[in-house]
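K.L.:
Kindly return the folded structure for what I paste below:
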Amino acid sequence: MRVHSLLAVLGLLAVVGCSETIPQLNERPAKYYEKSVSFTGRIARIQEFPSETLLEVADANERRILVRAQGRPDATTGDWIKVRGVLVPEARVGGSSVYDIVAAEEIVPVRPPFFRNLF
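P.N.:
Numbering: from 1, shown residues only. Alright, predicted model coming up:
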């Protein structure tokens with residue numbers, strides 16, 4: 001019985017201590033506007049502009065979010081990355097308005113998840 005309660009507490013701490021997920025950001029973006037967020041995902045698409053790059057980042061279940069990075073990140077399509085930035089309601093990218101986009105402050109390469117599609 002003690003083992004089950006210990007596992008439940010560890011599971012709760014793992015969920016609470018994690019960064020935001022792409023589905024959480026997409027579900028209620030207004031909750032995260034102008035706040036620092038971080039999440040992990042795979043680069044699904046890249047669109048380069050003269051001074052910035054637009055990334056479409058997908059999680060293991062292919063739920064996606066757009067990320068604007070200054071310059072060119074050290075990653076290519078298919079690479080897993082951790083993004084830290086600010087979710088903004090609207091931004092100009094390449095002369096067009098884009099809504100619910102993360103303005104990246106840091107993009108770091110990471111390894112793919114061990115257990116994809118576990119949750």
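K.L.:
can you tell me the average pLDDT over the strand or helix carrying residue 68?
P.N.:
Assigned by DSSP states H and E, residue 68 belongs to strand 64-70. Average pLDDT, strand 64-70: 97.
K.L.:
Tell me the helices and strands packed up against that strand.
P.N.:
helix 22-27, strand 36-48, strand 52-58, strand 80-93, strand 96-109 (3 or more C-beta pairs under 8 Å, 6 or more residues apart in numbering; DSSP states H and E). Any C-beta I mention is one placed from the backbone N, CA and C, and that applies to glycine too.
K.L.:
For the chain, give me the ranges with low pLDDT.
P.N.:
Across the chain, the ranges flagged by pLDDT under 70 are 1-18, 116-119.
K.L.:
what residue is smack in the middle of it?
P.N.:
residue 39 (3.7 Å; C-alpha atoms, centre = their mean).
K.L.:
measure that residue to residue 66 for me?
P.N.:
12 Å (C-beta to C-beta, to the nearest Å).
K.L.:
Give the residues shared as contacts by those two.
P.N.:
residue 57 (C-beta atoms under 8 Å, 6 or more residues apart in numbering).
K.L.:
can you tell me how far the nearest residue to residue 30 once chain neighbours are set aside sits from residue 102?
P.N.:
Distances taken as C-beta to C-beta, 6 or more residues apart in numbering place residue 89 nearest to residue 30, at 7.7 Å, with adjacent residues excluded. Separation of residue 89 from residue 102 (C-beta to C-beta): 11 Å.
K.L.:
Among these two, which residue is more densely surrounded?
P.N.:
residue 102 (28 against 11; other C-beta atoms under 10 Å).
K.L.:
so what's the more buried one up against?
P.N.:
Contacts of residue 102 by C-beta under 8 Å, 6+ apart are 25, 37, 65, 66, 67, 68, 83, 85, 86, 87, 88.
K.L.:
OK, contacts around the nearest residue to residue 100 once chain neighbours are set aside?
P.N.:
Of all residues not flanking residue 100 in the chain, residue 29 sits nearest, at 4.6 Å (C-beta to C-beta, 6+ apart). By C-beta under 8 Å, 6+ apart, residue 29 lies in contact with 87, 89, 100.
K.L.:
Distance to residue 106 added to these, as a markdown table?
P.N.:
Converted to a markdown table, the contacts of residue 29 look like this (distance: C-beta to C-beta, whole Å):
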| residue | distance to residue 106 |
| --- | --- |
| 87 | 14 |
| 89 | 21 |
| 100 | 20 |
